[in-house]
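Chemist: sharing a model prediction with you, sequence too.
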Amino acid sequence: MKRAFFWLVIGIALGGGLGFAAGIFVYPYIFLADIVATERVDNIEDKRVIARGTFIHANPSDPVHYGSGQVTVYEDVIHLDKDFAVGPGPAFHVYLVPEEEVGTDTKVAETMFVDLGRLRAFKGSQVYPIPAGVDLENYGNVVIWCRQFGVLISPAKLDFAEGES
């Protein structure tokens, strides 16, 4: 009897643990993949464009971690434009990264990045406030980063010369 109870407890623990782990991976694909954000920049006509960039597929041999679309940097916000898209996954964040070039071998988590917050949708227009005191000239890239697994999803190198208006 004790032996059967022991195996029942072990089975419940393993089943619950594996079910929870599977849920973490499956949840974004089922519930968030079809959400398209439609946020707008407030008073856009009064804002000066500081820089622009384009999200790229950092590792073309990786079909899961990709990104595309434009990013516009204003004086006080980062705007992921309406054509923005990334492959779904858990715990994606928007970072400002001080590196000149960001690739799959860049140790983003070890840089002095600025975390602008969790990605709200895998597609569409999103706005992220820039914290006070951040000097944008020190940050060459906007990066989509998976905090859960420490993986680069997509970088966008900023072009400050083109962006000024």
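Modeler: Cool, the structure landed. Residues are numbered from 1 along each chain as shown.

Chemist: pick out the residue closest to the middle of the chain.
Modeler: Compute the mean C-alpha point of the chain, and by CA atoms, centre = their mean the closest residue is I144, 3.1 Å away.

Chemist: ok, that one touching A91?
Modeler: No - I144 is beyond contact range of A91, at 11.0 Å (criterion: CB atoms under 8 Å). Backbone N, C-alpha and C define where each C-beta goes, glycine included.

Chemist: the chain: strands as residue ranges?
Modeler: With strands called from DSSP state E, the chain shows them at 36-38, 49-55, 67-74, 77-80, 85-86, 92-97, 114-118, 123-129, 141-146, 151-159.

Chemist: could you redo the ones you listed as a markdown table and give each row mean pLDDT?
Modeler: What follows is those, written out as a markdown table (pLDDT from 0 to 100):
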| stretch | mean pLDDT |
| --- | --- |
| strand 36-38 | 84 |
| strand 49-55 | 96 |
| strand 67-74 | 97 |
| strand 77-80 | 97 |
| strand 85-86 | 94 |
| strand 92-97 | 96 |
| strand 114-118 | 96 |
| strand 123-129 | 96 |
| strand 141-146 | 96 |
| strand 151-159 | 95 |
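
Chemist: nearest to F20, of the ones you listed?
Modeler: Checking these against F20 by CB to CB gives strand 141-146 as the closest, at 18.6 Å.

Chemist: and the angle from the closest one to strand 114-118?
Modeler: 50 degrees (axes from the mean of the first three to the mean of the last three CA atoms, to 10 degrees).

Chemist: buried sites along stretch 147-162?
Modeler: Residues 151-158 are the ones in stretch 147-162 that count as buried (16 or more other CB atoms under 10 Å).

Chemist: likewise for stretch 124-132?
Modeler: 124-128, 130.

Chemist: where is the longest helix in the protein?
Modeler: The single longest helix within the chain, with elements called by DSSP state H, is helix 2-27.

Chemist: chain center to it, what's the gap?
Modeler: 31 Å (CA atoms, centre = their mean, to the nearest Å).

Chemist: packing partners for it?
Modeler: On a contact count with 3 or more CB pairs under 8 Å, 6 or more residues apart in numbering; DSSP states H and E, helix 2-27 meets no helix or strand.

Chemist: pLDDT of that helix, averaged?
Modeler: Across helix 2-27, the average pLDDT comes to 78.

Chemist: give the bridge partners for the spatially closest residue to F113 that is not a sequence neighbour, please.
Modeler: Spatial nearest neighbour of F113, chain neighbours left out: Y95 (4.4 Å); criterion: CB to CB, 6 or more residues apart in numbering. Beta-bridge pairing for Y95 (DSSP bridges): D115, V143.
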